[in-house]
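# build me a structure from this.
(chains A, B, C and D)
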2 protein chains.
Amino acid sequence: MFTAEHAIRRYRETRRKITPQRIAVFRALEGNTSHPSAEDLFESVARSVPGISRATVYNTLETLRELGEVREYHFQADFRQFDPNTAPHHHCLCTDCGRVHDVHGGDFGTVRLPAGRLPFRADSFSVTFYGHCDRCGGAKSSRRGRVAAHSHSSHM
Amino acid sequence: MFTAEHAIRRYRETRRKITPQRIAVFRALEGNTSHPSAEDLFESVARSVPGISRATVYNTLETLRELGEVREYHFQADFRQFDPNTAPHHHCLCTDCGRVHDVHGGDFGTVRLPAGRLPFRADSFSVTFYGHCDRCGGAKSSRRGRVAAHSHSSHM
DNA sequence: GACTAATTTATAATAGTTCTAGATTAATGG
DNA sequence: CCATTAATCTAGAACTATTATAAATTAGTC
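Modelled structure (predicted):
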């Protein structure tokens, strides 16, 4: 689980300097489940550290990614999104508002490559569900919470 | 299945004009399983239609996407990728070379949202495997073609 | 073949991200 | 503490993919 303290420890271990700017980025990420973009984080951090440069936010995110402390996703075409939760979980992307919800716990079933003759070695995988969140009209549709998608019936 | 002929038909149905530039883009997509970017397609098409503008390629792709004839993916941060295969299938993204392989046929098991209380209505989903293709070292590792990933053991 | 609205082209504009050079500062050791 | 120095920070330019604009061209129709 990502915490500012943990990130500081990793920075010390790897002989990087601890600066107020970096700490502010760590704090902005701590417990953040909104899958923020670099710009989101810049705006949030700039409130506590006026004058911070975008480059610093970008650099810090890049370092955290290299250290494996955050994961980068490309849910949308126009910007990257960062997730301090590096534990396996799925995502729901609302195609109306762009918000991303985590899906954790529960039983996701098993996803596997077909047996035999695939010229690829997979290390990890990521599942993204596309649809509508409650705020955007998901609520007025039926089957809430009982959504099931099978490989033969959905875009994959 | 996407063909230039089919795209032309859809264009006529929706009262759009058939131009040599558009036909060239259709042909570049026909049977294309490389998940090309707009720039890839521009370069390919420019060989048969010198002087074609990037804007034309972008516009044609956008129209095909609206018509549901191609699907757009965001495997990488820097550019969009297009797939004329709109049938459900998974993807393997090689984290070394960036190539994307389709995974079709076979049994992928079932992926489903956990029962109960999820504020989301999913219409479709997409599974991406991250790893290494044969050309980039996948071959020298074991378990080729027998890769299995479970929700509790992989990044999702 | 002429008409007209759609399309194409070249180019400018935009957005997200990366690069650069000079100013600043964290960490270290006296 | 203070000095040293390499790492870091900032502002702004540069870069890349994509979108918008306006004038020139052309597909489709009569």
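# OK, contacts around A:Arg71?
Neighbour list for A:Arg71: A:Arg65, A:Phe82, A:Asp83, A:Asn85, A:Thr86, B:His155 [criterion: CB atoms under 8 Å, 6 or more residues apart in numbering or on different chains]. Quick note: C-beta positions are derived from backbone N, CA and C, even for glycine.
# now it: how far from B:Gly51?
43 Å (CB to CB, to the nearest Å).
# give me the buried subset of the contacts of A:Arg71.
Listed as buried from these are A:Phe82, A:Asp83, A:Asn85; burial here means 16 or more other CB atoms under 10 Å in any protein chain shown.
# dump the contacts of A:Arg71 to CSV, plus pLDDT.
Formatted as CSV, those follow (pLDDT from 0 to 100):
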residue, pLDDT
A:Arg65, 98
A:Phe82, 98
A:Asp83, 98
A:Asn85, 97
A:Thr86, 95
B:His155, 39
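# and which of the residues you listed is nearest B:Glu30?
Nearest to B:Glu30, judged by CB to CB, of the contacts of A:Arg71 is B:His155 at 34.6 Å.
# give the closest residue to the most centrally placed residue in chain A in space, chain neighbours not counted.
Nearest to the mean C-alpha position of chain A, counting by CA atoms, centre = their mean, stands A:Asp83 at 2.9 Å. The shortest distance from A:Asp83 to any non-neighbouring residue, by CB to CB, 6 or more residues apart in numbering or on different chains, is to A:Arg71 (5.0 Å).
# check which helix or strand covers A:Val45.
A:Val45 is part of helix A:38-48, with elements assigned from DSSP states H and E.
# by contact count, what packs against that helix?
Using 3 or more CB pairs under 8 Å, 6 or more residues apart in numbering or on different chains; DSSP states H and E, the elements in contact with helix A:38-48 are helix A:20-29, helix A:54-66.
# of all those, which one is nearest B:His90?
For those, proximity to B:His90 was assessed by CB to CB; helix A:54-66 is nearest, at 24.4 Å.
# A:Arg10 in helix, strand or coil?
The three-state label given to A:Arg10 by DSSP: H, G, I helix; E, B strand; the rest coil is helix.
# which segments of chain A make up each domain?
Split into domains by automatic domain parsing, chain A comes to A:4-73, A:88-156.
# what's the least confident stretch among the ones you listed?
Among the domains of chain A, domain A:88-156 carries the lowest mean pLDDT, a mean of 71.
# right, is the longest strand belonging to chain A up against chain B?
Assignment by DSSP state E gives strand A:120-133 as the longest strand of chain A. Yes: using CB under 8 Å from any CB of the partner chain, strand A:120-133 comes into contact with chain B via A:120-133.
# may I see those arranged in CSV, with neighbour count as well?
Compiled in CSV, the residues of strand A:120-133 next to chain B are given as follows (neighbours: other CB atoms under 10 Å in any protein chain shown):
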residue, neighbour count
A:Phe120, 23
A:Arg121, 25
A:Ala122, 22
A:Asp123, 15
A:Ser124, 16
A:Phe125, 25
A:Ser126, 20
A:Val127, 23
A:Thr128, 22
A:Phe129, 25
A:Tyr130, 19
A:Gly131, 23
A:His132, 21
A:Cys133, 22
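# go through those residues and say which is closest to B:Arg22.
A:Tyr130 (27.7 Å).
# residues of chain A that sit close to DNA strand D?
Neighbours of DNA strand D within chain A, by CB under 7 Å from any atom of the strand: A:16-17, A:19, A:21-22, A:49, A:51-56, A:59-60, A:77.
# quickly compare the helices and strands packed on helix A:38-48 and say which is most buried.
helix A:20-29 (a mean of 21; mean count of other CB atoms under 10 Å in any protein chain shown).
# who does that helix touch, helix- and strand-wise?
If you count contacts as 3+ CB pairs under 8 Å, 6+ apart, helix A:20-29 packs onto helix A:4-13, helix A:38-48, helix A:54-66.
# count of neighbours near A:His104?
Other residues lying near A:His104 total 15 when counted by other CB atoms under 10 Å in any protein chain shown.
# report the spatially closest residue to it, excluding sequence-adjacent ones.
Nearest-residue entry for A:His104: A:His89, 4.1 Å, with adjacent residues in sequence omitted and distances by CB to CB, 6+ apart.
# touching, the one you found and A:Val100? I think so.
No: with contact defined as CB atoms under 8 Å, A:His89 does not reach A:Val100; the gap is 10.9 Å.
# what strands line up against whichever strand or helix holds A:Cys92, and which way round?
Taking DSSP H and E as the definition, one finds A:Cys92 inside strand A:90-94. Strand A:90-94 has the following sheet partners, assigned by DSSP bridges: strand A:100-103 (antiparallel), strand A:120-133 (parallel).
# enumerate the residues of chain A near DNA strand C.
Selection of chain A residues close to DNA strand C by CB under 7 Å from any atom of the strand yields A:12, A:17-20, A:37-39, A:54-55, A:58, A:62, A:78-80.
# as JSON lines, the domains of chain A with distance to B:Phe26 would be great.
Below are these laid out as JSON lines (distance: least, CB to CB, whole Å):
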{"stretch": "domain A:4-73", "distance to B:Phe26": "32"}
{"stretch": "domain A:88-156", "distance to B:Phe26": "21"}
